[in-house]
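Colleague: Have a look; sequence and predicted model below, questions after that.
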Amino acid sequence: MSIDGVDLSRVDLNLLVHLEALLSERSVTRAAARVGLSQSAMSHNLARLRTLLDDDLLTRGPEGMRLTPRAMALVGPVDTALAEVRNILAREEPFDPGTAERTFRLGLPDSMEMLIGPALLTHLRAHAPGVRLRFYNIDSAEVLEDLDADRMELAVGFGDFPQGRTHHKWRLLCSESYVCMFSAAQTGLTAPLTLEDYIRVPHILTSLRHGEGVRGVVDDALEALGLKRTVVLTTPRFLGVPSLVAEAPVLVTMHARIARLFADRYRLDLSPPPIEIDDVAVSLLWHASRTHDPGHTWMRHLVTRLVGELRGD
């Protein structure tokens, strides 16, 4: 049936809200809890949706319920449609940061928390005393799901966000270059590093990814030259890296802004990498349903401005 042939007066549009929950949670029990229904009521609505859409939508698999191909194709359109409806119905009340009482939930790596967190907190205490922050660790493999489930409102990360759907919005904040950080006293190295020294000295790898065989941009660049480095420690936490570098004969290749901050505080040495590494994008990501929220818009602009003010030399 074409869209022109659908009689919306015969369709309970609340079913779209229930469909959104089912597609996101992939569980009748969790979807029911999400929208405040009993499990039996949600099961009934799933049966109605199956009849309406002529598809099973959710089927049982070895690891629980999974979406049918038709259901997977509906995730983006349903989210976008409901986001537009919510925007239409939302009251466009102005956001006054000076009087607002609100908590914003941001996902970001600890390095970005260290770079923009102090300036963000200082600004809020001076200009928005009722606004509070809650920071979350970010996992690039799960960030879209976290935004869809409203576990966080904004995510700031380094160029490894997965390809999103139409309801995932993003903004490029800046580009970040790489530098090598080391202790001259521990390694006997001096800047600028030679490629021979770069290969000879063991490395620390910072990566937010999980699993075995984690690689970084350095490994890809070296592989193109037929070379390989020795990684003796891999960590997802940037904040522990300077103390490791200060106390051991190792080096690390990391984002330049946080490396400069660490070098100043820990009296470490910096050098351009002796290999070519492309800059990485720093981006802001959010769900489309938040786009026209005045408070959310204010926070996005504030984060964008603060990132833009970071020392980039």
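Modeller: That came through, no problem.
Colleague: okay, now residue 39: neighbour count?
Modeller: Residue 39 has 14 neighbours, counted by other C-beta atoms under 10 Å. To be clear about C-beta, it is placed using only N, CA and C from the backbone, and glycine gets the same treatment.
Colleague: if I pick it, what's in contact with it?
Modeller: 28-29, 32 (C-beta atoms under 8 Å, 6 or more residues apart in numbering).
Colleague: What separation do you get for residue 182 and residue 199?
Modeller: Going from residue 182 to residue 199 by C-beta to C-beta, to the nearest Å gives 14 Å.
Colleague: actually residue 115, not the one I typed
Modeller: Counting by C-beta to C-beta - residue 115 and residue 199 are separated by 30 Å.
Colleague: These two - which one has more neighbours?
Modeller: Taking other C-beta under 10 Å, residue 115 and residue 199 do not tie; residue 115 has more neighbours (23 against 16).
Colleague: Which stretches in this structure count as strands?
Modeller: 58-61, 64-67, 102-107, 131-136, 154-158, 168-176, 178-182, 203-206, 231-235, 251-255, 269-271, 280-287 (DSSP state E).
Colleague: hey, which helix or strand in this structure has the poorest pLDDT?
Modeller: helix 69-89 (a mean of 81; mean pLDDT, DSSP states H and E).
Colleague: List the contacts of that one.
Modeller: Outside helix 69-89, the residues touching it (C-beta under 8 Å, 6+ apart) are 16-17, 19-20, 23-24, 53, 55, 57-58, 67, 148, 165-167, 287-289, 291-292.
Colleague: Can you flag the buried ones in the residues you listed?
Modeller: Among the contacts of helix 69-89, those classed as buried by neighbour count (16 or more other C-beta atoms under 10 Å) are 16-17, 19-20, 23-24, 55, 57-58, 67, 148, 167, 287-289.
Colleague: Mind picking the lowest-pLDDT entry from these?
Modeller: Among the buried ones among the contacts of helix 69-89, residue 167 has the lowest pLDDT, at 80.
Colleague: residues contacting that residue?
Modeller: By C-beta under 8 Å, 6+ apart, the neighbours of residue 167 are 76, 79-80, 83, 148, 287-289.
Colleague: 7 Å instead?
Modeller: For residue 167, the contact set (C-beta atoms under 7 Å, 6 or more residues apart in numbering) comprises 76, 79-80, 83, 287-288.
Colleague: next one: residue 264
Modeller: Contacts of residue 264 (C-beta under 7 Å, 6+ apart): none.
Colleague: measure it to residue 252 for me?
Modeller: 16 Å.
Colleague: Leaving out the residues flanking it, which one is nearest to residue 128?
Modeller: Leaving out its chain neighbours, the residue that sits closest to residue 128 by C-beta to C-beta, 6 or more residues apart in numbering is residue 97, at 3.7 Å.
Colleague: count of residues packed around that neighbour?
Modeller: The burial count for residue 97: 17, using other C-beta under 10 Å.
Colleague: Show the pLDDT at it.
Modeller: On the pLDDT scale, residue 97 gets 96.
Colleague: before we move on, what about residue 62?
Modeller: 76.
Colleague: Now the phi/psi pair for it, please.
Modeller: The phi/psi pair for residue 62 (degrees, to the nearest 10) reads phi -60, psi -20.
Colleague: Which residues are in contact with it?
Modeller: Neighbours of residue 62 in contact, by C-beta under 7 Å, 6+ apart: none.
Colleague: Can you tell me how far it is from residue 30?
Modeller: From residue 62 to residue 30 the distance is 19 Å (C-beta to C-beta).
Colleague: Who is the closest residue in space to residue 218 that isn't next to it in sequence paired with across the strands?
Modeller: Nearest residue to residue 218, sequence neighbours excluded (C-beta to C-beta, 6+ apart): residue 253, at 5.1 Å. Per DSSP bridges, the residues bridged to residue 253 are residue 180.
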